[in-house]
Every structure is written in structure tokens, then in C-alpha cells.
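[1] Got a predicted structure here, sequence first:
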Amino acid sequence: MKLIAIANRLYLSALILVFMIGSLAAYFVMKSIINHEFNEKLYAEQDQLIYELNNYSNLEKTYYLNIGDVIELEEVAFDANLSPVLHDTVMYDPYEKKELPFRQLKFSSEIKDKHYIITISKSLLPNQDLIEGVSEIMIGLMIVLVLVLGLLNRIIFSKLWSPFHQIIEHLRDFNITQPHSLELEKSNVDEFNKLGDVLEQMVNKSMKDYRTLKEYTENTSHEIQTPLAIIKNKAEVLLQEPLEEKHMRELSKIYEAAGRLARLKEGLSTLTKIDNHQFPSVERIDLNAYVHRRIDALQELLEIKNINVEWSQNDQTYLDINGDLLYLMINNLLNNAIKHNVQNGSISIAIANQSISIQNPGKPPQVPVDQLFERFKKSSSSAESTGLGLAIVKRIADHYGFHVSYTYQEPNHKISIQFNPKKNL
Amino acid sequence: MNILLIEDESTLAESILSYLQKEGYHCEWVDNFAKAHEKAWVYKYDCVIVDITLPDGSGLDVIETLKQIKSSSGIIIISAKNSIEDRIKGLDIGADDYLPKPFDLSELNARVKAVIRRRNFEAQNDIMFNEISINPYERNVMINDQSLSLTKKEFDLLLYFVSNQNRVITKESIAEHLWGDDMDMADSFDFIYSHLKNLRKKIEKAGGNDYIETVYGVGYKFTRH
């Protein structure tokens, strides 16, 4: 999830929580204030009413009491001696023309030597309106706050975090095989500057390590050549001598091992050469025709395993690619398809939509699929296999920005290469 | 036949010399550019085997010298740098072949023979081995004057054997000779076996002898018994 989404989510939940508690608290506080005020008013009205009843004979001339208040005067024969009692009730309101909540104050009083039980009923409607109004204001406020916060967040994230995104962008473009410093721009955020500095140091260090490693590989690869040739040729010379079979076999193992080392070295130096861009020349190659030619060259291998080749090609696919690299890539793929095939098996080659896929039945891979393209991950324990084939394919693909994928779906292995449309026409 | 070997690594040169001398070639060896340059001017060789990286110069310059004096020598480059540019450049300035190190002596031997054959306009001549006669130019084989129909690989295999008579030829070197980088070593041994089986069958059917001896666990030997 994006940082901004998480932040927004957190903000929103915090806001809702605070507003809910706040609104609730506000509601109760408000309610108690209003209640209190209501009661005060009722008591004041009681006093006012008693005063008015005592002092005026004609009530119609004075309007000190609130409209909507209902006053009942019940004359009784004796002093009821009621202390004032408050209670809520529902009554018909002639103004609103419906049943509404009222608060009543009931008390007894002696006015002009007569005993009365007086009830003053006050509509609670304004009270409710007030609370509703307050809630509306609160909700409105919350919506505005959420919008403002969201907007603010967005601005903060795009403005404030832009150095961060820039760092990510640089890191994504970074390629150890074509190293150049990150060259991050300084921002005015210390944390990001610090991050940038640390990353730059790290990148510089890995670039240095990579260079050292590459030089080491190159030197080893070259310097190993002559001793290898000596071992191999000395063994070959010795093989011509009249030796006992026992010695002959030992000798042939030395010879074999030297050969293996030579092939291994060859594979590794190919990988290094790809990294070093030592295959610069590019030519336009008709992939369909090329793969057909390669298949023809491997005909005898196909015949011995009695493998049937199935073609499906939709359009002409042309690649601008180095001939040697294409050879390595296609040859490794076809060799694998033959090697890991079954007797009387088949190879399906599909060339279409700027892609090639090669599918063949075979035993399930013994190496986790995601490690298949790593060096020295062999699915057979065969000593003669260098375990570099697919690593070379992958490296060539990476070099040209192709996408390689592998799937195994009982019983078929399938390797597909999607050629980057950018590189082709 | 005179061969000049230009190689700075003495141990390696020894093996090459020992192998080629057994083939009946007269071999000379120099280990630097200066001596090579001098020899190339003074003597005439049928084949010059030259290492590209020499302590005091490049083997490519030796080739250019040979070309300047219009030498008719065949030239084979042997190089520790299996680089495409060197190969192209070497062949461009007139080398006949390029063999990256490490190579099999049997392979070098076969290439030396092929180069000498071509240089001496012997390509049209048949290579004879008892009742077998091979014409490398037209790529056909006769047994007791009866034509033998071989596949390309069977022909290459037979020629390789005949070029390295009485030598133990390893399976690896056969595989590399026939397929080069085209195939994984592990698979190729089965294929060698199947090609050999067919080749033996065809030769015997045509009335020839089976000269191919199996050296168990190592390879094969083409010998008169």
C-alpha cells in the first residue's frame, strides 16, 4: 500500500474517532447546559407567572412568557403543598401541529387566597433543533477537515517526498554493469539527504567491488588458459604412450577435468564479455529463418532422440542483435530443449508478436524455478554440463532488455522470450 | 614437411612439438617475436603455427611479415584470447585457421594437415589408407574402388581418424571436432557412438576393415592393428 494511502487511512480513522468522541461529548455537555437552562427558565417562568397572577388581573395584556409554552391553572380547594416537580412528557403542539416532547414544571401556589396547582409545559423542540444544528456543524467541519487534510497530505507527499521518489528513480535506473554514480540532487530535507548520502556511498562501494571482481574474473579467465592448455595437451601426449588400462583411465580423468574447466572458463568469460559490451556489432536478423537454420544444424540430435519439431509462427520477426549473442541464446535454448527432452518427444517453437517460446516435455525441474537462470544451477548432476547455459541466455536477454520467463506445466517446460518492442521495429 | 611453431610457453610448445614430430613433420620452435620474424624471412615452412600473444610483439605481425614476403606457408593462429576480433583480424590478414587455447593436439594435427593439403594443392589428391581412399576436396570415400556414401558427420569423423592415425583420440576431441560449440559435451558422446556405429557398418559392408579401436573410457584409435 502506498504511504499516502496508509497516512490518509490513519488520518481518517483518527479524525472520525476524535469527532465521534468530540461530538458525543459536545452533545452531552450541550444537552446538560440546555437542560439546565431550560429548568432555570421554567423556574423563572414559575416566579414570573406567580408574580403576574398576583399582580395583574388581566393576563392578556402581558407576554412575558414564551410562545409555545402551555400553562394550566387548576384551582384546588386546599393547599396541595406541592414542591415544584420537573418531568418530560409528550404533548400535542398546536404550532407545529404534531406530538412533540415537552418539559413540565408542576407546582402549587396560593394566588389571591386561592389554591392552585399550576403546570407550565415548555416545548423541547428548540433544544432538539439546537443539538441537530450542532451535529450538522460538527459533521460539516469534519468533512471539510478530511478534505483539507487529504489535500494537504497530497501536497506534502508530492512536494516533500519528491526527493525520495527521485532517489528511488535513480536507484531503479542504476545498473551495476553500466555503473555511474547516482548523482542525487540535494533537497532541503535532512533525512533524505542523509539517505541519499548513504545510498551513494553504498553504490560507490558496490561499483568498486564489482570492478575488482570483474578484473579478477577477467584476469583469472585469461591467465588460466595457458596452464589449462598445458594440462590438457600433456595428458593427450601421455595418452599416446603404451600405458596400462588403469593408468589410461586415471589420465583420461585428468584430461576430462581440464576440458571441463576449459568449458567452464569459456562460459564465464562469455558472461563477462556480455557485461563488458564486447559484442557491440548489431545486425538485423530474421528470427524465423535463423531458428530454422539452427534446427537444421541440430537435426542429427533430434533424429537420435526422435524428436518432432512443431512450428507456429504468425509474423516475420526481425531482431537487431549481435549475431554471436543470438547464436548463444538460441543454441542454448534449443540444446536445453533437446537435452531435457524425452525419447520420441517434441519441441514446439512459437514465434509471434515479438516473442519466441520453446516448449518441450521433460522431467520436472529439480531446481526452484526462480533460481533456474542463476549460474551453476543444473537440473542434472551431469559433470559435463557447465550449468551456465541459462545464465548466459538470461544475461543476453537482460543486455537487450528482453524478458525471459520459464514455466513448467506437467509435463512441459516452456521458456519464452519477449523482445522489447523498443529495441525492434 | 617443415613446420614453425611460435609459442612463448615452453611446456606447451614441447607437447605440440612432440605430437607433430611423431607425424613425421620437421618442426622448429621459437619463443619470441624477434626470432620468429628472423626465421620467417630466412626459411620456408609448409605451415606456421603462431601464438598471438608473444612477449615482445604480436603474432599478427608475424603473419603480416609472412604475407609481405609472399610466403606460401599455411598459417594457423593459436591464441589464449578467444576473441572474435582477433579471429577475424587474423583470418583477414591471411591466416588459414584459428584455434583457441586450450585445444586438443589431435585437432591441431588435423588442422595442420588440412592447411598443408590446401597450400600444396593436394586437395584434389586422395588420402590413402590401405583399402580406403578419401578425397577431402570432393568429400568422397572409396573402398576398394567402390564408392561409399557417408553423411557429413561420418565423413568428418573418418577424415579426423585418418589424420590422426595410430593416435588415441579422446571422445571430447571428437565431439569438439564434429560439433564445436553446437552441443553440450554430455550429450555428444552418445552421438559419437551412434555415428561410429554407422560408419563401421558402412565400411564393413563395402568390404573394408574395421580400423577403429575402442580405448575403453578414453576414446578411439584408428590403427592398422
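    Right, received. Where do you want to start?
[2] ok, how many other residues are close to A:R260?
    16 (other Cβ atoms under 10 Å in any protein chain shown). From N, CA and C alone the C-beta is placed, and that goes for glycine too.
[3] what helix or strand is it on?
    Using DSSP states H and E, A:R260 maps to helix A:245-275.
[4] do the same with A:A397
    Using DSSP H and E, A:A397 sits within helix A:389-400.
[5] tell me the angle of that helix relative to helix A:245-275?
    10 degrees (axes from the mean of the first three to the mean of the last three Cα atoms, to 10 degrees).
[6] List the contacts of helix A:389-400.
    The contact list for helix A:389-400 (Cβ atoms under 8 Å, 6 or more residues apart in numbering or on different chains) reads A:267, A:270-271, A:274-275, A:321, A:325, A:328-329, A:332-333, A:335-336, A:372-377, A:402-404, A:415, A:417, A:419-420, A:423, B:184.
[7] at 6 Å what do you get?
    A:270-271, A:274, A:325, A:328-329, A:332, A:372-373, A:375, A:404, A:423 (Cβ atoms under 6 Å, 6 or more residues apart in numbering or on different chains).
[8] I'd like to know which of those is nearest to chain B.
    A:L328 (8.4 Å; Cβ to the nearest Cβ).
[9] now the contacts of helix A:389-400: which count as buried?
    Buried subset of the contacts of helix A:389-400 (neighbour count, 16 or more other Cβ atoms under 10 Å in any protein chain shown): A:270-271, A:274, A:325, A:328-329, A:332, A:372-373, A:375, A:404.
[10] Make CSV from those and add distance to chain B to it.
    Converted to CSV, those look like this (distance: Cβ to the nearest Cβ, whole Å):
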residue, distance to chain B
A:T270, 9
A:L271, 14
A:I274, 13
A:L325, 11
A:L328, 8
A:M329, 13
A:N332, 9
A:L372, 16
A:F373, 17
A:R375, 16
A:V404, 19
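[11] Which of the contacts of helix A:389-400 fall in helices?
    Among the contacts of helix A:389-400, DSSP state H puts A:270-271, A:274, A:325, A:328-329, A:332 in helices.
[12] now the residues you listed in TSV, with pLDDT?
    Compiled in TSV, these are given as follows (pLDDT from 0 to 100):
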residue	pLDDT
A:T270	83
A:L271	84
A:I274	84
A:L325	90
A:L328	89
A:M329	92
A:N332	88
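[13] For stretch A:224-242, C-alpha coordinates in CSV please.
    Output in CSV follows, covering the C-alpha atoms of stretch A:224-242 (Å, rounded to 0.1, in the frame of the first residue of the first chain):
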residue,chain,number,x,y,z
ILE,A,224,44.1,-19.9,-16.6
GLN,A,225,44.2,-20.6,-20.3
THR,A,226,47.8,-21.5,-20.7
PRO,A,227,48.2,-23.8,-17.8
LEU,A,228,44.9,-25.5,-18.8
ALA,A,229,46.2,-26.0,-22.3
ILE,A,230,49.4,-27.5,-20.9
ILE,A,231,47.5,-29.9,-18.6
LYS,A,232,45.2,-30.9,-21.5
ASN,A,233,48.0,-31.4,-24.0
LYS,A,234,50.4,-33.2,-21.7
ALA,A,235,47.6,-35.6,-20.8
GLU,A,236,47.0,-36.1,-24.5
VAL,A,237,50.7,-36.7,-25.2
LEU,A,238,50.7,-39.3,-22.3
LEU,A,239,47.6,-41.0,-23.7
GLN,A,240,49.7,-41.9,-26.7
GLU,A,241,52.1,-43.9,-24.6
PRO,A,242,51.6,-47.6,-24.1
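[14] surely A:E45 meets A:I118?
    No - with contact defined as Cβ atoms under 6 Å, A:E45 does not reach A:I118; the gap is 10.0 Å.
[15] Name the single longest helix found in chain B.
    helix B:185-205.
[16] Check which helices and strands that helix is in contact with.
    Applying 3 or more Cβ pairs under 6 Å, 6 or more residues apart in numbering or on different chains; DSSP states H and E, one finds that helix B:185-205 contacts helix B:152-163, helix B:171-179.
[17] Can you give the distance of it from its chain's centre?
    21 Å (Cα atoms, centre = their mean, to the nearest Å).
[18] Now do that helix against helix B:152-163: the angle between them, please.
    80 degrees.
[19] Enumerate the positions of helix B:185-205 that are buried.
    B:185, B:187-188, B:191-192, B:195-196, B:199, B:202-203.
[20] try stretch A:211-226
    A:217-218, A:221, A:224-226.
[21] Residue numbers of the stretch 101-250 of chain A in contact with chain B?
    Contact residues (Cβ under 6 Å from any Cβ of the partner chain) of the stretch 101-250 of chain A with chain B: A:225-226, A:228-230, A:232-234, A:236-237, A:239-240, A:248-249.
[22] SS state for the closest residue to A:K31 other than its chain neighbours?
    Closest residue to A:K31 apart from its sequence neighbours, by Cβ to Cβ, 6 or more residues apart in numbering or on different chains: A:I131 at 6.6 Å. With DSSP: H, G, I helix; E, B strand; the rest coil as the basis, A:I131 sits in helix.
[23] quick one, helices of the chain?
    No chain specified, so I'll use chain A. A:3-55, A:125-155, A:162-173, A:190-223, A:225-239, A:245-275, A:287-297, A:299-305, A:323-339, A:389-400.
[24] I was thinking of chain B, sorry if that wasn't clear
    B:10-22, B:33-42, B:59-68, B:84-92, B:105-119, B:152-163, B:171-179, B:185-205.
[25] which helices and strands sit right next to the first one?
    In other words, helix B:10-22. Using 3+ Cβ pairs under 6 Å, 6+ apart, helix B:10-22 is in contact with helix A:225-239, strand B:26-30.
[26] For B:E213, which of the ones you listed is the nearest?
    Nearest to B:E213, of all the helices and strands packed on helix B:10-22, is helix A:225-239, at 13.2 Å by Cβ to Cβ.
[27] buried residues in the closest one?
    A:225-226, A:228-239.
[28] what does stretch B:13-22 give?
    B:13-17, B:19-20.
[29] returning to that earlier point: output the helix holding A:A397 as CSV - backbone C-alpha positions only.
    Provided in CSV are the C-alpha atoms of helix A:389-400 (Å, rounded to 0.1, in the frame of the first residue of the first chain):
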residue,chain,number,x,y,z
GLY,A,389,23.6,-22.1,-20.4
LEU,A,390,20.5,-20.5,-19.0
ALA,A,391,22.6,-17.9,-17.1
ILE,A,392,24.0,-16.9,-20.4
VAL,A,393,20.6,-16.8,-22.0
LYS,A,394,19.4,-14.6,-19.2
ARG,A,395,22.3,-12.3,-19.4
ILE,A,396,21.9,-11.8,-23.1
ALA,A,397,18.2,-11.1,-22.6
ASP,A,398,19.0,-8.6,-19.9
HIS,A,399,21.6,-7.0,-22.1
TYR,A,400,19.0,-6.3,-24.8
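[30] got the buried residues for that helix?
    For helix A:389-400, a neighbour-count test (16+ other Cβ under 10 Å) marks A:389-400 as buried.
[31] What separation is there between B:K201 and B:I212?
    To B:I212, B:K201 is 11 Å away according to Cβ to Cβ, to the nearest Å.
[32] correction: B:K197
    10 Å.
[33] And chain B, split by domain according to the record?
    B:2-119, B:127-222 (automatic domain parsing).
[34] Could you tell me the end-to-end distance of stretch A:296-314?
    One end of stretch A:296-314 to the other measures 20 Å (Cα to Cα, to the nearest Å).
[35] pLDDT at residue 33, what is it?
    I'll assume chain A. Reported pLDDT at A:I33 in the predicted model: 86.
[36] That was the other one, I meant chain B.
    Predicted confidence (pLDDT) for B:F33: 90.
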